[in-house]
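> Can you look at this prediction? I've put the sequence above it.
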Amino acid sequence: MTINFKKTYRFAVKSALYITLFSTGLVGFLIYLFFSFSYQFCLIFAFSIATFSFIVIQYRVERFIYKKVKKIYDDVSLLESSTFRNQPITTDMATLTREVKKFATDKKLEIETLKVREEYRREFLGNVSHELKTPLFTVQGYLSTLLDGAMNDKTIRKKYLERAEKGVERLIYIVQDLDMISKLEIGDLNLEIAEFDIVKLVQNVFDLLEMKASKKDILLMFDMKYNRPVMVVGDKEKIQQVVMNLIVNSIKYGKLKGSTEVSIEDLTDEKVIVRITDNGEGIEKKNISRLFERFYRVDKSGARTEGGSGLGLSIVKHIIEAHDEKIYVNSKFGIGSEFSFTLEKGNRSSK
């Protein structure tokens, strides 16, 4: 980083002028008292004093400012020392003040960012620990009970082994989701881009989640009847996971006898937007900005009883961003939520 200091002689000129006026006035007065007064002598004397004063003051000020400014910049590591050897540093303190303020502001912002990251790290590690600890302790509990003698009872043995298996499956599910997020973040997950019918894909998800939704008597539906395919471009499997995660969330936080509605609309000539709307709990405004964080849960206690890895929305965000698309959230607490994302249109897209 190179700082271009403004070359200024104002301080030296004004100081030399004051010295010259005083010296010339004093000499002129003394000559008038003791000798014959000469304008020519006064002018030559004034010019000589002014030149000498200017050179001495300017040189001394430059040296003084050089040392002070160099020390400040060396202390804050804002500039390399070699920068000062190649250009003069004068009395332009405004540049120094501005740069030091900028440095202080940047450092303050950096410190605040580090604090936020440290807080996020602690919370993330706590969440990971909790999510892994719960199924691990469940598996351990059932296996320990079996080892303590319950294995001899065939009915209990089968029931406990099945429950332990579910705990292991949950662990695998969490690890797989973490692995997917890591690959998405480093760009190591290859997307198989192809053209597909988003209407058919959503209907497939409806069919898969029909039983889950029926437990809360939630209706899964389109906003209208789509008589023709709506072709989009993307990784069909990953987009299905996005739709699945969003609809599962709408069911999880939906109210009894509620509804989840999916609409597909033209956004631009090249994009469609898929909206998934429910009339469930809704999300408080303070939580919306953190929805896509890993393991972040709006309901710290109740959500875990519903299952899931706590990574669903984070995966959704990463998949959509991997497609260079956008995802949006609009929610009112107590009324419902709408998640929407964009996709590129296919060549045969029509409703």
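Thanks, I have it.

> all strands for the stretch 151-300 of the chain, in order.
Listed in chain order, the strands found in the stretch 151-300 of the chain under DSSP state E, counting those that start in this stretch are 193-197, 219-222, 231-235, 259-266, 271-278.

> Name the residues of the shortest one that are buried.
Put plainly, it is strand 219-222. Neighbour-count burial for strand 219-222, counted by 16 or more other C-beta atoms under 10 Å, picks out L220. The way it works is simple: take the backbone N, C-alpha and C, and place the C-beta from them, glycine included.

> Please apply the same query to stretch 136-154.
Buried-residue list, stretch 136-154, by 16+ other C-beta under 10 Å: T138, V139, Y142, L143, L146, A150.

> how about JSON lines for those residues, with secondary structure and pLDDT added?
Output for the buried residues of stretch 136-154, formatted as JSON lines (DSSP: H, G, I helix; E, B strand; the rest coil; pLDDT from 0 to 100):
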{"residue": "T138", "secondary structure": "helix", "pLDDT": "81"}
{"residue": "V139", "secondary structure": "helix", "pLDDT": "85"}
{"residue": "Y142", "secondary structure": "helix", "pLDDT": "82"}
{"residue": "L143", "secondary structure": "helix", "pLDDT": "85"}
{"residue": "L146", "secondary structure": "helix", "pLDDT": "81"}
{"residue": "A150", "secondary structure": "helix", "pLDDT": "75"}
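
> between these, which is closest to V272?
Of all the buried residues of stretch 136-154, the one with the least separation from V272 (C-beta to C-beta) is T138, at 42.5 Å.

> and the gap between the closest one and G167?
Distance, T138 to G167, using C-beta to C-beta, to the nearest Å: 4 Å.

> so which of the strands of the stretch 151-300 of the chain gets nearest E162?
Closest to E162 of the strands of the stretch 151-300 of the chain is strand 219-222 (C-beta to C-beta; 29.1 Å).

> What are the boundaries of the helices in the stretch 51-200 of the chain?
Here the stretch 51-200 of the chain has its helices, by DSSP state H, counting those that start in this stretch, at 82-85, 93-147, 154-185, 198-214.

> Just send those helices back as TSV, with distance to T20 too.
Shown next, in TSV, are those (distance: least, C-beta to C-beta, whole Å):
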stretch	distance to T20
helix 82-85	31
helix 93-147	25
helix 154-185	69
helix 198-214	85
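
> Determine which stretch of those helices is the most buried.
Between the helices of the stretch 51-200 of the chain, helix 198-214 has the highest mean count of neighbours, a mean of 16, where neighbours are mean count of other C-beta atoms under 10 Å.

> quick one: average confidence on that helix?
Helix 198-214 shows a mean pLDDT of 91.

> same question, stretch 38-51
Stretch 38-51 comes out with an average pLDDT of 78.

> What of stretch 322-338?
89.

> Tell me what E195 is bridged to.
V233 (DSSP bridges).

> so how far is stretch 224-236 from its chain's centroid?
Distance of stretch 224-236 from its chain centroid, counting by C-alpha atoms, centre = their mean, to the nearest Å, is 32 Å.

> Between the helices of the stretch 51-200 of the chain, which one is closest to L311.
Comparing the helices of the stretch 51-200 of the chain by C-beta to C-beta, helix 154-185 comes nearest, at 4.1 Å.

> Give me the angle between that closest one and helix 93-147.
Angle of helix 154-185 versus helix 93-147, following axes from the mean of the first three to the mean of the last three C-alpha atoms, to 10 degrees, is 160 degrees.

> distance of V139 from R170?
Distance, V139 to R170, by C-beta to C-beta: 9 Å.

> Please apply the same query to R228.
The gap separating R228 from R170 is 41 Å, by C-beta to C-beta.
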